[in-house]
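Student: next come a sequence and a model predicted from it.
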Amino acid sequence: MHIRHLFLIVFGAIALLLAGCDQNNQSAAADSTAAESTVLAEDTATPQREDQTAAFFAFLEDEYEAELMRSPVALMQEGRRERYDEWDDFSDQAVFDQRDFDQRQLDEMHERFDYDSLTRPAQVSYLLFEADNEQAIEGARWYRHGYPINPLFNFPTGVGTILANSHQIANLDEAEAYVTRVSELERVFGQIADRIRDRTEFGVLPPDWVYPQFSQALNGLLASTTSDETARENPLYVDFSTKVDALDISQDEKDRLQAELRAAITGPLARGYEALIAASDEAAPLCTTQDGVWRIPDGDEYYAYRVRLGTGLSMSAAEIHEFGLAEVERIQNEMRGIMAEVGFEGTLQDFYEFMRTDEQFAYASTDEGREEFLSDARAAVSRIEELTPQYFNLLPHSALEVRRVEPYREAYVAGAFYNGPAPDGSRPGIFYASLADMDQWRTNSTEALVFHEAVPGHHFQMALQTEMQDMPSFQRNLFFYSYMEGWGLYAERLAHEMGAYSDPYSEFGRLSLEIWRAARLVVDTGAHYDHWNLDQAIAYMQENTPLPDSSIQNEARRYLVWPGQALSYKMGMTEIMRLRTHAQGELGDRFDIRDFHDVVLGNGAVPMSVLEVLVEDYIQDKLAE
């Protein structure tokens, strides 16, 4: 189990600067050798099999605990209080330490446990543990190739969200731990600055807009660290003061704690920001292109790795590019059907322009417009929740909230994302939307966005995974990109089958989001395999999708700095649909979509190779009934 998954849950499955391998050490749908070659063994409950399984599950829990203790942030996410005043190690040495730890875990599992001697649930866990560790070990090879700053989501600009959501303060010790944690950010930010300098020396330089944007965001945060007075406006201080004011301690103690935090903000935190800004500003003049990763050392091989990481499939970049072109054409034909239904006269491009610009689909760039978006999102959640029992046996118990991204980080957080609930129930699942730029949102796309990020998308997926207390602990924290994002896009389509879209324009919104994901296949491979530049990527999306220009600009930049990740949505959905069609064909009248969804969601996040094994096993079980 790899603690980085807990960071990913914090930031809605977005790559962070972790103690592992920057953006590269995240688990994705790995092609596990065992999963490809093994059908789950017959589950005969012999005493020997049960004893071996019990020992195996005990091993997994021991290993989970050992790795959990390596990460203060993971402990915090679990609601634990050990190492409550610390942060993780963000040095490059931590990458090698983690790789060695992963290899030791994998070797010990292979030496101690025979796959065929385990029960079927244990075999699933075996395959997942193996796939996760093997992918992490491979990722360690590429630790210097990932850009040290992801401009969309990164630890330095998101640390306030971690502390606000996860560092609870119930007593004096926990308040003092918060102060120490803020002081420790000087060390963490220094390690990230070291990464920037090392990657620059190695020749891994991001597109030329990345570091200036990062420095701008950091300077905005630095402005609230310049004095005792400005520190009172710092988001960390606002969060801390609210929590401390609720404690049953004397006012003198509250005043002391708050003064200590202001000192930590104006001292160590400020120095940490300054160190990051200096490293970023040093590297910025050396970043002179807007090209893909083909230009960095071993760039083609690195991108092939990122394609495997993002899809979990054996398709090449060229094959994915051609599939994307075909899918764009197919979806455009469905869009023409919507045009005919609403009586629009003109070309598809004319309809795109109408949907982009007509005022009936706009949210006002005002507080009222932002509240309208949130209200529409909440209404969509309520409407589809009434339909889910017809399509799901498994329903999450965790609450779901729809929230605007906090204003202090809204300017440099694009789009919408989901944060999973806390295992102890102290935090709900949260669907976040960045509403600083309302031009990126159109009313006809809100429902599909909600169905992807919330219900029955990531909230069902991630909340259920968190709630499965009979599952080995490491499985509740796995994150495989093509499974996670493939399910999100599948949920958008499933909502269509459920009749959850309110009108043809919202159906067009669904197709707009699907063609966006299909265009990603073309643009991501275009940028990193076919050497497209940013202008070519933007031009393709403008011609072939109805996305607003502001969204296209953001998306094209995202693909440049996060190679391969954007492939996961459409390729993951395609694989889930392929497996569903296969199951329907094999089972006929015995197929129940609720049972199929149990298979997909009932083991937490899995690689596509393991999901195929699970679906095949489900088919054989149903045929044997």
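Tutor: Noted; the coordinates are in hand.

Student: neighbours of D252, how many?
Tutor: 8 (other C-beta atoms under 10 Å). Placement of C-beta: from N, CA and C, glycine included.

Student: show the pLDDT at it.
Tutor: At D252, the model reports a pLDDT of 97.

Student: show me what contacts it?
Tutor: By C-beta atoms under 8 Å, 6 or more residues apart in numbering, the contact list for D252 is empty.

Student: relative to A259, how far out is it?
Tutor: 11 Å (C-beta to C-beta, to the nearest Å).

Student: report pLDDT for the closest residue to E82 other than its chain neighbours.
Tutor: Excluding the flanking residues, the one nearest E82 by C-beta to C-beta, 6 or more residues apart in numbering is L75, at 5.3 Å. Predicted confidence (pLDDT) for L75: 95.

Student: touching, L75 and M69? I think so.
Tutor: Yes: assessed by C-beta atoms under 8 Å, L75 is found in contact with M69 at 7.2 Å.

Student: give the buried residues for whichever strand or helix holds Y540.
Tutor: Taking DSSP states H and E as the criterion, Y540 maps to helix 534-544. Within helix 534-544, the residues that count as buried by 16 or more other C-beta atoms under 10 Å are L534, Q536, A537, I538, Y540, M541, Q542, N544.

Student: for the stretch 451-600 of the chain, just list every one of the helices.
Tutor: Under the criterion DSSP state H, counting those that start in this stretch, the stretch 451-600 of the chain contains helices at 458, 464-467, 481-497, 504-528, 534-544, 549-561, 567-587, 593-601.

Student: let me have these in a markdown table, extended by distance to A433 and mean pLDDT.
Tutor: Putting the helices of the stretch 451-600 of the chain into a markdown table (distance: least, C-beta to C-beta, whole Å; pLDDT from 0 to 100) gives the following:
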| stretch | distance to A433 | mean pLDDT |
| --- | --- | --- |
| helix 458 | 13 | 97 |
| helix 464-467 | 22 | 92 |
| helix 481-497 | 15 | 97 |
| helix 504-528 | 14 | 97 |
| helix 534-544 | 21 | 94 |
| helix 549-561 | 13 | 88 |
| helix 567-587 | 18 | 98 |
| helix 593-601 | 24 | 97 |
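
Student: possible to save the ones you listed as a markdown table with distance to V210?
Tutor: Formatted as a markdown table, the helices of the stretch 451-600 of the chain follow (distance: least, C-beta to C-beta, whole Å):
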| stretch | distance to V210 |
| --- | --- |
| helix 458 | 27 |
| helix 464-467 | 32 |
| helix 481-497 | 21 |
| helix 504-528 | 14 |
| helix 534-544 | 12 |
| helix 549-561 | 6 |
| helix 567-587 | 21 |
| helix 593-601 | 36 |
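
Student: so which of these comes closest to G267?
Tutor: Ranking those by proximity to G267 (C-beta to C-beta) places helix 549-561 first, at 32.0 Å.

Student: dump the closest one to CSV, restricted to CA.
Tutor: C-alpha atoms of helix 549-561 as CSV (Å, rounded to 0.1, in the frame of the first residue of the first chain):
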residue,chain,number,x,y,z
ASP,A,549,-12.2,29.0,-24.9
SER,A,550,-11.1,29.6,-21.3
SER,A,551,-11.6,25.9,-20.5
ILE,A,552,-9.7,24.9,-23.7
GLN,A,553,-6.8,27.0,-22.7
ASN,A,554,-6.7,25.5,-19.2
GLU,A,555,-7.1,21.9,-20.5
ALA,A,556,-4.4,22.1,-23.2
ARG,A,557,-2.0,23.3,-20.6
ARG,A,558,-3.0,20.6,-18.2
TYR,A,559,-2.1,17.9,-20.8
LEU,A,560,1.3,19.4,-21.4
VAL,A,561,2.3,19.2,-17.7
